[in-house]
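>>> Based on what follows, work out the 3D shape:
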Amino acid sequence: MNVTTGAMPTRGLAEAGRLHLRRGTAADADACGRIFWEAFASVASRHDFPAEPVTSQFAAMMAPLWLGQAGIDCVVAEAEGALVGCAFSDRRDPVIGIGPVCVAPQAQDAGIGRAMMQWLLHGYIQEGAAAVRLVQTAYHYRSLALYAKLGFVVREPLSVVSGSPLGVVIPGRSVRPASADDLPVCNAICSSVHGHDRGAELGEAAGMGMAVVVEKAGEVTGYATGFGYGFHAVGRENADLMALIGSAPSILGLGILVPSRNAELLRWCLGNGLHIVQQSTLMTIGHYQEPAGAWLPSIRY
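Numbering: from 1, shown residues only. Below is the predicted model of the structure:
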């Protein structure tokens, strides 16, 4: 199944022909980092929630990394010679994940986010992409409405949980660093759960020494690329994810995204001292297989 979406008219700056979209370059890093922080901080403060990039320093660090990373697309929006928006997407694996989508506070509600999303989606439709996904911040109703109008479907409510490292060991499970030899079985587990693997993303995490695997009776039964907003995990059973989360030396960023319908896993997280920071929503266009196992998404999907 290919991605499909209808053409949607933009408003404000875009409608007036005062908006120019182009691919982001390394020269845009400072401006993108600033907009990334200011956009999310302004929305979060209006709703009395913590900013998702957590700090301006984090935003400033991530923007140049994404702009220089193979497999990460970026579109930027310019109005009257100034950068007013940027949107990133991850195309390293078969499913394309979009985010973050950022509009400068002074330019919000002018159709810029819509225009950047259309720019990205049009390219992926032309390429025949099978699926596009994103994770939306639940309290931000305007973004939920925008994505719904663009054709995205709500698939899963997510609870962002955070706290101190648990140091919990699950009987019968052991956790160790992932190696290149683990990639085939990890990809097979991901495919069995989701219908596709995330091999490129996993391979990069393993190469940086961030990925870990969980074993049961000497057999790999799950993995995590890390622990926090930018990482994902899959396992054959909830006990696999419990062992992985229990072993985390830290939780990076705002927290771990836990599917809220997985009552057993969410209850275990809360019972072990983690707390809910906010709610998010997994949304998709194109092919989607209901997961058949235990999983944690990243902030993109």
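>>> All the strands of the chain, in order from the start?
Assigned strands in the chain, in chain order: 19-23, 72-79, 82-90, 96-103, 131-137, 153-162, 173-177, 212-216, 219-224, 233-235, 256-259, 275-286, 294-296 (criterion: DSSP state E).
>>> and the second one, how far from the chain's centre?
Think strand 72-79. Here strand 72-79 is found 18 Å from its chain centre; the criterion is CA atoms, centre = their mean, to the nearest Å.
>>> contacts for that strand?
Strand 72-79 has contacts (CB atoms under 8 Å, 6 or more residues apart in numbering) with 13, 18-24, 28, 31-32, 66-67, 83-92, 103, 107, 112, 115-116, 119-120, 123. Heads up, the C-betas are built off the backbone N, CA and C, glycines and all.
>>> Then the first one?
If you take CB under 8 Å, 6+ apart as the criterion, strand 19-23 is touched by 10, 13, 73-79, 84, 111-112, 115-116, 119.
>>> at 10 Å what do you get?
Contacts made with strand 19-23 from outside it, assessed by CB atoms under 10 Å, 6 or more residues apart in numbering, are listed as 10, 12-14, 28, 67, 73-81, 84-85, 87, 107, 110-112, 115-116, 118-120.
>>> Need the buried ones from those selected in ChimeraX.
Restricted to the buried members of those, where burial is judged by 16 or more other CB atoms under 10 Å, the ChimeraX selection command reads as follows:
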select :10,12,13,14,28,67,73,74,75,76,77,78,79,84,85,87,107,110,111,112,115,116,118,119,120
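>>> List the residues that contact Thr221.
Neighbouring residues of Thr221 by CB under 10 Å, 6+ apart: 173, 185-186, 189, 213-215, 234-237, 239-240, 243-244, 293-294.
>>> Repeat the analysis, applying 7 Å as the threshold.
Applying CB atoms under 7 Å, 6 or more residues apart in numbering, one finds that Thr221 lies in contact with Val214, Glu215, Gly235, Arg236, Asp240.
>>> Pro184 now?
Applying CB under 7 Å, 6+ apart, one finds that Pro184 lies in contact with no residue.
>>> The residue lying closest to Val43 once chain neighbours are set aside: neighbouring residues, count only.
In this structure, Val43 finds its nearest non-sequential neighbour in His140, 5.8 Å apart by CB to CB, 6 or more residues apart in numbering. Counted by other CB atoms under 10 Å, the residues lying close to His140 total 18.
>>> again with Val95
23.
>>> Now for the residue lying closest to it once chain neighbours are set aside, how many residues are close by?
With CB to CB, 6+ apart as the measure, Ala131 is the residue that lies nearest to Val95, at 4.7 Å, once sequence neighbours are left out. Per other CB under 10 Å, the neighbour tally for Ala131 reads 21.
>>> No further queries at this time; thank you.
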